[in-house]
Structures are given as C-alpha cells and as structure tokens.
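*Asks:* Got a predicted structure here, sequence first:
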Amino acid sequence: MSKNHESKNKSQIPALTEGSSTAVSSSNENENNDIHATEELDDDDFSEVISDEDKETIKEVAGDDNLSASKSYASILVEQFMDAKETFNRSLGSLFTSAFTAGLEIGISLFMILTAFALLSDVLPNQYAIVLASLLYPLGFIIVVIGQSLLFTEQTSLLSLPVLNRIEPVSKLLRLWGIVIAGNIVGGCLFAALMIGLGINMKLFSVADVDAYAQHVLGYEWWVIFGSSILAGWLMGIAAWLVTSARDTLSRIVLISLITGSIGFLGLHHSIVGNIEVFSALLYGNTVSLIVYLWFLVVVLVGNTIGGVVFVAVLKNRTFLFEIKKVKQQTKEDKNDKTT
C-alpha cells in the first residue's frame, strides 16, 4: 500500500511501456504535504535512455496535479511501482524486522476479537457473537498499514509489479516474499505465545473461546478455504490500490476499515491473521494439531497470493499498458493530422 517517500534521493522506475526495461527517476517529495512524486514529472526526472515520445506519454498518462480530484489510474500504478522498488532495495535485516513487527501488530485484531467474542457469547448464540466480534478485525490492519510495516497480503500485488514489467527477476521476488512471510509468521506466533496466553490468564477469554474461533476458521473443506483465501487476497490487493489512491490518512483509515472489516465480517481467510488464530489453538487449545496448522497455512498462503497477484497486479498492470498504447497511438495520429 502507499508509503510516504522519506528520502530525497531519486530512484529509477521503469517507463512501464510494453517491452520496456528502461527507468525513470522519481521526483522529490514535498515534506510539508502528501503530494507524491508521480504528480509532477519533469524531463529532468527521467533517465537519459528514455525517448522523448515515452517521456511525453508517461507524463500525459500519469499527470495528476488536481488535489481536489481522485488520483489518475496511471498515477496510482506508478506510485505503487515506486514503492515496490523501494522495498526491493531495502536490506534483508530491514525487511525481516518490518515484517516481524507487522506479524506482532496484526495480532492485536485477534486479541480484541477474542475478548469481544467472550463477552458476546454470554448473551448471544456463538455464530452471532463471532460475526459481531469480527467487526474489530480492521484494528491490526490500521496499525500495520498506517505504521508502514510489511504485511505479506498487503505487499503481494505491490511487489510483483517490477517482475511483471521485467525489471526484477522472479527469483528475487520469491526471496523477498519468503522473508516477509517468515517475518510475519514468526511475529504472529510470538504474539500468540505471549499475548493470547496473557489474555487467557487475565480471563479476558478462555481456552474454549480460542478453540471455538479456530474451528470457525477451520471448519470448511479445503477447497472452500482455498477459494475464500483467493477472495481475501483479492480484497487486500484492492485495499492496497484504494489506499494508494487516497490523499490523506483519514481516508486511508476509512478504506482499510471497510475492506478488512468486510474480510472479517464474511469470515474470509487471511494467511497472517489466520496463522495467529490457528497457532493460538495449537498452543492453548485442544482441537488443532501441528499437521492441521501447517496444512491450513500453506493453503491460505497460496490462495492469498493468487488473489493478490492475478486479480489485482496483473489486470491493473495490463490495463495501464493498454492505456499507454492508446495514448501513444492517439499522439501519433494527432501529429499526422497536424502535418496534413
């Protein structure tokens, strides 16, 4: 999702035209507002190898200087690409630490959900108590996204953009995904071991509540969980897109709440939150085995990845390439008309 560019150093981004592997330098960010580098592109911001035609095309498509209007489609995509390139250039230690932090922070959602579920289940049937408690699902996501920690489902579609445009190799993407997933899982498991145990001892919720919520997550056929995780990955990719389109923090919080709240309300399967849900039952409950936990984690990770990459990154990227092609063709026709 969208991140503010704190550094004033320029980094190269691709022209994002089909078959192109050239790069464009990002604009300096104005530290006093939230105007992103894609909104004001000058010739000096581009690499010398970019043709004049491509410079004009990218500026025309990505131009977005009207703060009262929504960001342009191309502006959002180019901004997401720049964020992805920043992530690719981070050190392994920085990536793992940020992902580990996200794994801890996302656990706050489950802690609040279990507490609310324990209270509501005394006065409501379990199915209603779970649905109402799940409305607290966005809390951890708000902390992660606004705090700019690395969450796998948040980054799935984002990090694939340089690979789709043949700027970064697939091997580097897989390695980066592996680091983010490992950090998220380790952080989530540590949260489950410490904080869920703390909640049980504080009598905020019981072992039975942990088991009940885990069974709410696991109580489906594998193909249902797989399909649910694809939809969850799709929604998380949409959330990344919408948050990038927002110009202020309040709008981002509202968008995060709507999308992730829908995931929680519908009971869709999110790999990183689901990891904490099921691992908590593995540690403290009586209904989850290690094999079930590992099986669940693999199925949901694959589903989330497919949902984020195929339904968001690939389709959004292809739409942008078609738009670039259309603008270049229109520019060529206009020049021919003028010549005539």
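*Replies:* Good, I have the coordinates.

*Asks:* pLDDT (mean, whole number) over the helix or strand L297 falls within?
*Replies:* Assigned by DSSP states H and E, L297 falls within helix 290-308. Averaged over helix 290-308, pLDDT sits at 95.

*Asks:* And the contacts of that helix?
*Replies:* For helix 290-308, contacts defined as CB atoms under 8 Å, 6 or more residues apart in numbering pick out 152-153, 156-157, 160, 177, 181, 185, 217-218, 222, 225-237, 269-271, 274-275, 278-279, 282. Where C-beta positions appear, they are placed from N, C-alpha and C, glycine not excepted.

*Asks:* ok, R175 to F96 distance?
*Replies:* Relative to F96, R175 is positioned 12 Å away (CB to CB, to the nearest Å).

*Asks:* Looking at the two, which one has more neighbours?
*Replies:* F96 (19 against 13; other CB atoms under 10 Å).

*Asks:* Quick check, pLDDT for the residue nearest to the spatial centre of the chain.
*Replies:* Per CA atoms, centre = their mean, the C-alpha nearest to the average position across the chain is that of E154, at 1.4 Å. Turning to E154, the model gives it a pLDDT of 79.

*Asks:* start the count at 32, not 1, going forward
*Replies:* All right, first residue 32 from here; so that's E185.

*Asks:* wait, it sits on I177?
*Replies:* No: shown here, E185 and I177 do not form a contact pair, counting by CB atoms under 8 Å, at 11.7 Å.

*Asks:* circling back to that earlier point, and the helix holding L328, how far from the chain's centre?
*Replies:* Mean-position distance between helix 321-339 and its chain equals 17 Å (CA atoms, centre = their mean, to the nearest Å).

*Asks:* Just the buried positions in it, please.
*Replies:* Y324, F327, L328, V330, V331, L332, G334, N335, T336, I337, G338, G339 (16 or more other CB atoms under 10 Å).

*Asks:* Kindly report the same for stretch 162-177.
*Replies:* 162-165, 167-176.

*Asks:* Over to stretch 110-127?
*Replies:* Buried, per 16+ other CB under 10 Å, within stretch 110-127: E110, Q111, F112, M113, D114, A115, K116, E117, T118, F119, L126, F127.

*Asks:* measure stretch 222-241 end to end?
*Replies:* Between the start and the finish of stretch 222-241 there is a gap of 14 Å, counting by CA to CA, to the nearest Å.

*Asks:* Buried residues in it, which are they?
*Replies:* Quick answer for stretch 222-241 (16+ other CB under 10 Å): F222, A223, M226, I227, G230, I231, L235, F236, D240, V241.

*Asks:* where's the third one relative to L151, distance?
*Replies:* Just to be clear, that refers to M226. Using CB to CB, M226 is found at 20 Å from L151.

*Asks:* Distance-wise, check the residue nearest to I303 when sequence neighbours are not counted relative to N232.
*Replies:* Counting by CB to CB, 6 or more residues apart in numbering, N215 is the residue found nearest to I303 once chain neighbours are left out, at 4.7 Å. Separation of N215 from N232 (CB to CB): 25 Å.
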